[in-house]
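1. kindly generate the corresponding structure for this input.
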Amino acid sequence: SINPVLSYFENTGKVTIRIPYTDFAEEGERFSIVSTALKGATFPYNEEIPVIELHLRQIIADRLHISTRNLFSYVKASLSGTSVLDVERGEEKLTIMVRMGDKKNLDKLLSIKYRGLPIKELFDVKRKKVPRGIIRFNGRRCIEGILPYSGRIKMPHLPFDYEIGGEIKEYRAVLTSAVFAFLVAIFLVYMILSSFYESFFLPIIIMISVPFAVAGGFLSLLLTVTSINVISLIGIVVLSGIVVNNAIVLLDQAERFRIKGINNPAQQAAKRRLRPILMTTFTTVAGLLPISIGATLQSSLGRSVIGGILISTFITLIFIPVVYDKLVS
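-> All right, here's what the predicted structure looks like:
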């Protein structure tokens with residue numbers, strides 16, 4: 001079965017399946033198997049259409065000294081038309097084309113004369129069915145089908161290799177990039193804090209609020225029935241830099257109290273910095289409310305950031321002081 005990385009990802013209901021093949025015989029066989037096994041799948045480029053093949057009788061053409069290129073150009077011009085005159089009418093330019101009257105009539109097509117000889121004397125005619133188009137992916141011919149998507153797709157066993165593409169693959173790439181960007185952001189924030197405090201220990205306490213903020217961001221998206229998309233993932237990455245601000249304010253004050261010898265420095269710092277921390281949180285939330293309300297593209301960013309900030313504020317004021325007092329003591 002096919003599962004998206006997160007079933008809550010935003011999608012437009014399409015998953016692409018690609019089955020490679022080497023020749024038209026194999027293509028027809030695999031197309032028949034896949035179209036039967038995958039109910040509801042559409043194959044816009046692999047549906048067969050009737051065609052007429054003209055195979056030149058090379059012996060006759062050589063005997064009459066007929067150029068293959070000139071002959072096919074003549075047939076193409078008869079079907080598609082050839083430009084014979086340009087007429088200007090005011091500022092408008094009209095091109096006069098000449099072509100065969102009824103190009104869908106095979107008998108009329110074969111009765112076209114080339115050098116006084118009907119072209120049906122120069123060709124062997126074959127009727128057959130071929131795919132509407134040839135799809136190539138990574139240099140290989142493939143059958144490409146589109147599957148309706150509604151959260152989960154059960155794939156039957158197929159006797160050949162196939163590849164799942166479309167939005168599922170894009171979601172995985174987006175999620176991988178977002179996770180990498182998030183880890184890089186966490187590392188940079190940690191290194192900056194370590195250099196500022198000249199310690200590898202205190203930044204760890206500050207960074208405790210980050211995973212809770214991420215959880216709050218996803219919880220906010222869930223509660224507001226907002227899909228996880230590229231914009232909301234950007235908001236999650238942005239959270240890693242925003243939510244540490246309150247913890248920095250709190251722990252900086254706690255360090256000053258600890259140096260002065262005040263008992264329970266983190267708890268005292270939380271009381272001292274409660275008002276500025278809450279003011280910072282509420283002003284940030286108020287600033288994000290306009291873009292988080294409604295169905296705009298940026299609404300998912302605002303909702304994820306608001307949820308993360310609210311959760312991280314609670315963690316900063318309640319949980320971090322306890323951790324600081326326990327670890328520092």
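2. so what pLDDT did the residue lying closest to Leu301 once chain neighbours are set aside get?
-> Nearest residue to Leu301 in three dimensions, chain neighbours excluded: Gly235, at 4.0 Å (Cβ to Cβ, 6 or more residues apart in numbering). To be clear about C-beta, it is placed using only N, CA and C from the backbone, and glycine gets the same treatment. Model confidence at Gly235, given as pLDDT, is 85.
3. next: Gly81.
-> At Gly81, pLDDT is 71.
4. burial count for it?
-> 15 (other Cβ atoms under 10 Å).
5. how far away is it from Leu222?
-> For Gly81, the distance to Leu222 equals 60 Å [Cβ to Cβ, to the nearest Å].
6. over to Met97?
-> Taking Cβ to Cβ, one finds Met97 at 61 Å from Leu222.
7. list the contacts of the residue nearest to Leu301.
-> 217, 300-305, 308 (Cβ atoms under 8 Å, 6 or more residues apart in numbering).
8. please redo it, this time with the cut-off set to 7 Å
-> 217, 300-301, 304-305 (Cβ atoms under 7 Å, 6 or more residues apart in numbering).
9. between those residues, which sits nearest Gln58?
-> The shortest approach to Gln58 among those belongs to Ser300, at 64.6 Å (Cβ to Cβ).
10. skip the chain neighbours and tell me the closest residue to Asn245.
-> Thr280 (6.8 Å).
11. any idea how far Arg273 is from the one you found?
-> For Thr280, the distance to Arg273 - Cβ to Cβ - is 10 Å.
12. who has more neighbours, the two?
-> It is Arg273, of Thr280 and Arg273, that has more neighbours when counted by other Cβ under 10 Å, with 20 against 17.
13. tell me which element that one falls in.
-> helix 265-292 (DSSP states H and E).
14. packing partners for that helix?
-> Helix 265-292 is packed against helix 244-260, helix 299-328, with contacts defined by 3 or more Cβ pairs under 7 Å, 6 or more residues apart in numbering; DSSP states H and E.
15. so which of these is the most packed in?
-> Most buried of those by mean neighbour count (mean count of other Cβ atoms under 10 Å) is helix 299-328; its value is a mean of 21.
16. quick check: buried residues in the strand or helix carrying the residue nearest to Leu301?
-> Secondary structure from DSSP H and E places Gly235 in helix 230-242. Buried residues in helix 230-242, counted by 16 or more other Cβ atoms under 10 Å: 230-240, 242.
17. send me that helix as PDB with only the CA atoms.
-> C-alpha atoms of helix 230-242 as PDB (Å, rounded to 0.1, in the frame of the first residue of the first chain):
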ATOM      1  CA  VAL A 230       5.200  24.000   2.700                       C
ATOM      2  CA  ILE A 231       4.100  27.300   4.400                       C
ATOM      3  CA  SER A 232       3.200  25.600   7.700                       C
ATOM      4  CA  LEU A 233       6.600  23.700   7.700                       C
ATOM      5  CA  ILE A 234       8.300  27.100   7.200                       C
ATOM      6  CA  GLY A 235       6.400  28.300  10.300                       C
ATOM      7  CA  ILE A 236       7.700  25.200  12.300                       C
ATOM      8  CA  VAL A 237      11.300  26.000  11.200                       C
ATOM      9  CA  VAL A 238      10.800  29.700  12.200                       C
ATOM     10  CA  LEU A 239       9.600  28.600  15.600                       C
ATOM     11  CA  SER A 240      13.000  27.200  16.500                       C
ATOM     12  CA  GLY A 241      14.400  30.700  16.500                       C
ATOM     13  CA  ILE A 242      11.500  32.500  18.100                       C
END
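18. that one versus helix 265-292: what angle between them?
-> Put simply, helix 230-242 runs at 150 degrees to helix 265-292, going by axes from the mean of the first three to the mean of the last three Cα atoms, to 10 degrees.
19. mind checking how far helix 230-242 is from the chain centre?
-> 18 Å (Cα atoms, centre = their mean, to the nearest Å).
20. ok and that helix relative to helix 299-328, angle-wise?
-> Using the same axes, to 10 degrees: helix 230-242 against helix 299-328 is 30 degrees.
21. nearest to Ile291, of the contacts of Gly235?
-> Leu301 (7.0 Å).
22. check contacts around the closest one.
-> 231-232, 234-235.
23. got a pLDDT number for it?
-> 85.
24. and it, how far is that from Ala215?
-> Distance from Leu301 to Ala215, counting by Cβ to Cβ: 17 Å.
25. now swap in Val174 and tell me
-> Taking Cβ to Cβ, one finds Val174 at 20 Å from Ala215.
26. got it, and Leu106?
-> Taken as Cβ to Cβ, the span from Leu106 to Ala215 is 69 Å.
27. could you do Gln267 as well?
-> 25 Å.
28. Ile291 now?
-> For Ile291, the distance to Ala215 - Cβ to Cβ - is 22 Å.
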